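In: Below are the sequence and a predicted model for it; my questions follow.
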Amino acid sequence: MEKVKIALLGLGNVGSGVWKIFNTNKNEVSRRSGCEVEIAKVLVRDKFKQRKVDVPPDMLTTNPDDIFKDESIKIVAELIGGIDPAKEYILRAMRSKKHVVTANKMLLATSGEELFKTAEEEDVYFYYEASVGGGIPIIREINESLTANKIMEIVGILNGTTNYILSKMSKEHMDFKAALDEAKEKGYAEADPTSDIEGYDPVYKLAIIASLSFGAKITVDDIYREGITKITPLDIKYACKFGYTIKLLSIGKVCPDGIELRVHPTMIPKAHPLSNVNDSFNAIYINGNAVGELMLYGKGAGDLPTGSAVVSDIISILRNNGSQYICTSLKNHMPHKKIKPLKENISQYYIRLSVIDMPGVLGEISTILGRNNVSILTVTQDVKSKHDVSLIFITHEAKEGDMQKSIDNIKKLTCINKVESIIRIENFNE
Ligand SMILES: NC(=O)c1ccc[n+]([C@@H]2O[C@H](COP(=O)([O-])OP(=O)(O)OC[C@H]3O[C@@H](n4cnc5c(N)ncnc54)[C@H](OP(=O)(O)O)[C@@H]3O)[C@@H](O)[C@H]2O)c1
């Protein structure tokens, strides 16, 4: 059996998972790849740090030359994260004629074009299954299993941290901060959770899968982003009352007037399968014009699920069955397509206002909405005191631009204490 040396860049969560899988599933890896894989070197920042896995000390290095200048190493797995030095190391590996596997969504979403161009020039494989959905095989699904389809719509719960927080808020009535603290305690949220809770992480992931699904060059700047920090227990309560669940959705849709791309908290019907994706799980709903609707569900993060995707990519390279298009289809050669401006997007809306109890309030608000083509489906009133009444509107479908104009005008009314929240509703053409 051919012996192949590989190297890991990083031995954190994902690197440790990859190490464990190569050790526990040694026979499966050999049988499926036809090779005896040896992890020859592991690049880390600190050789003396306590590790979750038992790696022989002489295998650890802090010198990247030990990997890039070693011609016997054929594949490099970049599991450092971030841009710098991950990007430089990937480019160095490719220029040293090494195949590369990465889990780095931020780097792919922001510098994908340059990386794929280099992979093509150097004639090396560049795989990235772990970058979206952790252990869920979404990249292969889009690039291989669904190639007969025109993908019309892709909607994902792509961030486990925020899904955990929203699940806790819904099921255990926690407020945002308590749920975030628990997510940190359980290791689902990082010490600095900004990328997750403000929606940057799912934007990177949507940029990758929307590019592949729609065959278009999509950058992070094309995607509207809103995090979950403003969601309150009261919004969760009303969502439940009206038959919805709130999820942080990543939405990509092909519309006659361009591609719609947005990441924001969304109310979805309780009966929709995405509504039942709880805790740190991820799911991706795809609508293809031939296959119809399908959904992938699984663990979107964690050492072993993410490691599973990384090791499968390495096996694909070793089998040499990963046809070149899988690795070059992201960004490189992709045309620009029209992105639909946010103000043209059409949604139903949930609007919660705090108002002063006085005659004519409802009439004034309804008039503004009507004047801007926003029609009301339901209105609910909850009186806390004469000075603080909650008015909750569910609208029919309206244009985002019309809704924004309405809200700007509603804010100017003297009866308004505050526009407490606006949440888009997705009914999946029900
Ligand atoms: N965690 C997940 O569940 C998950 C899921 C999907 C994708 N990903 C992606 O996978 C990648 C890795 O994530 P992670 O959670 O495993 O990160 P992590 O736990 O922070 O581990 C990062 C590793 O990289 C090493 N490192 C950092 N800077 C370095 C440098 N300048 N030179 C050499 N080594 C350096 C660290 O070394 P030391 O240990 O010595 O500090 C550490 O071992 C990221 O791109 C992330 O977005 C993660």
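Out: Looks like it came in fine.

In: Kindly list the main-chain dihedrals of Trp276?
Out: For residue 276 the amino acid is Asn, not Trp. phi -100, psi 10 (degrees, to the nearest 10).

In: Tell me how many other residues surround it.
Out: 12 (other Cβ atoms under 10 Å). Just so you know, the C-beta spots here come from the backbone N, C-alpha and C atoms, and that holds for glycine as well.

In: and Ile284, that's in a strand?
Out: Yes. Counting by DSSP: H, G, I helix; E, B strand; the rest coil, Ile284 is part of a strand.

In: Give me the neighbour count for it.
Out: Neighbour tally, Ile284, other Cβ under 10 Å: 27.

In: Likewise for Gln381?
Out: Considering only other Cβ under 10 Å, Gln381 is surrounded by 12 other residues.

In: With Val14 instead?
Out: Counted with other Cβ under 10 Å, Val14 comes out at 29.

In: Assign it to one of the three secondary structure states.
Out: Classified using three-state DSSP, Val14 is helix.

In: Just give the nearest non-adjacent residue to Arg424, would you?
Out: Of all residues not flanking Arg424 in the chain, Ser347 sits nearest, at 4.3 Å (Cβ to Cβ, 6 or more residues apart in numbering).

In: Could I get the average pLDDT for the helix or strand in which that neighbour is found?
Out: Element membership for Ser347 (DSSP states H and E) is strand 346-355. Across strand 346-355, pLDDT averages out at 97.

In: how about that strand: buried residues?
Out: By 16 or more other Cβ atoms under 10 Å, the buried positions in strand 346-355 come out as Ser347, Gln348, Tyr349, Tyr350, Ile351, Arg352, Leu353, Val355.

In: do stretch 200-210 and the ligand meet?
Out: No. Stretch 200-210 stays clear of the ligand (Cβ under 6 Å from any ligand atom), getting no nearer than 7.8 Å.

In: So which residues make contact with that stretch?
Out: Residues from elsewhere that reach stretch 200-210 (Cβ atoms under 8 Å, 6 or more residues apart in numbering): 105-106, 108-110, 112, 128, 131-133, 138-139, 142, 154, 156, 158-159, 161-162, 194-195, 216, 218-220, 222-223, 225, 248, 250-252, 259, 261, 263, 284, 330.

In: Go through these and flag which are in strands.
Out: Counted as lying in strands by DSSP state E, out of these, are Ile154, Gly156, Arg225, Leu248, Ser250, Ile251, Gly252, Ile259, Leu261, Val263, Ile284.

In: Just the pLDDT at whichever residue of the stretch 1-150 of the chain sits closest to the ligand, thanks.
Out: Residue of the stretch 1-150 of the chain nearest the ligand, by Cβ to the nearest ligand atom: Gly12 (1.8 Å). Note for Gly12: predicted pLDDT of 96.

In: From Val155, how far off is it?
Out: For Gly12, the distance to Val155 equals 30 Å [Cβ to Cβ, to the nearest Å].

In: Repeat that for Leu296.
Out: For Leu296, the distance to Val155 (Cβ to Cβ) stands at 11 Å.

In: quick one: which of these two has more around it?
Out: Higher neighbour count among Leu296 and Val155: Val155, with 24 against 15, using other Cβ under 10 Å.

In: Spatially nearest residue to Ile339, not counting backbone neighbours?
Out: Using Cβ to Cβ, 6+ apart, the nearest residue to Ile339 is Asp222, at 4.7 Å.

In: residue ranges with poor pLDDT in the stretch 301-430 of the chain?
Out: 321-333, 429-430 (pLDDT under 70).

In: Spell out, range by range, the strands that occur in the stretch 201-350 of the chain.
Out: 224-225, 244-255, 258-269, 281-288, 292-299, 346-355 (DSSP state E, counting those that start in this stretch).

In: Now do the same for the closest residue to the ligand within the stretch 151-300 of the chain: its pLDDT.
Out: Relative to the ligand, the nearest point of the stretch 151-300 of the chain is Gly300 (7.1 Å; Cβ to the nearest ligand atom). Looking at Gly300, its pLDDT stands at 92.

In: residue contacts, it?
Out: Applying Cβ under 8 Å, 6+ apart, one finds that Gly300 lies in contact with Gly133, Gly134, Gly135, Ile136, Ile157, Leu158, Asn159, Gly160, Ser280, Phe281, Asn282.

In: Could you find the closest non-adjacent residue to the fourth one?
Out: Taking Cβ to Cβ, 6+ apart as the measure, Ile136 lies nearest to Gly298, with 4.3 Å between them; neighbours along the chain are not counted.

In: I figured that neighbour hits Gly135, correct?
Out: Yes. Gly298 is within contact range of Gly135, at 5.3 Å (criterion: Cβ atoms under 8 Å).

In: With neighbour numbers in mind, choose between the two.
Out: Gly135 (22 against 17).

In: Which parts of the stretch 301-430 of the chain are helices?
Out: 303-319, 324-328, 361-371, 400-411 (DSSP state H, counting those that start in this stretch).

In: Can you get me the start-to-end distance on stretch 65-82?
Out: Stretch 65-82 stretches 20 Å from its first residue to its last (Cα to Cα, to the nearest Å).

In: buried set for that stretch?
Out: Neighbour counts over stretch 65-82 (16+ other Cβ under 10 Å) mark Asp66, Ile67, Phe68, Ile73, Lys74, Ile75, Val76, Ala77, Glu78, Leu79, Ile80, Gly81 as buried.

In: now stretch 193-202
Out: Pro193, Ser195, Asp196, Ile197, Glu198, Gly199, Tyr200, Asp201, Pro202.

In: CSV for those, including pLDDT and distance to Ile315?
Out: Output for the buried residues of stretch 193-202, formatted as CSV (pLDDT from 0 to 100; distance: Cβ to Cβ, whole Å):
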residue, pLDDT, distance to Ile315
Pro193, 96, 33
Ser195, 97, 30
Asp196, 97, 30
Ile197, 98, 35
Glu198, 98, 35
Gly199, 98, 33
Tyr200, 98, 31
Asp201, 98, 27
Pro202, 98, 28
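
In: Keep only those of those that are in helices.
Out: Counting by DSSP state H, those place Ser195, Asp196, Ile197, Tyr200, Asp201, Pro202 in helices.

In: Kindly confirm whether my reading is correct that Leu353 touches Leu413.
Out: No. The pair Leu353 and Leu413 does not pass the contact test of Cβ under 8 Å, sitting 9.4 Å apart.

In: List the contacts of Ile223.
Out: Val203, Leu206, Ala207, Ala210, Leu261, Arg262, Val263.

In: likewise Met295?
Out: Pro273, Leu274, Ala283, Ile284, Tyr285, Ile286 are the contacts of Met295 under Cβ under 8 Å, 6+ apart.

In: Same question for Thr219.
Out: Ala109, Thr110, Ala207.
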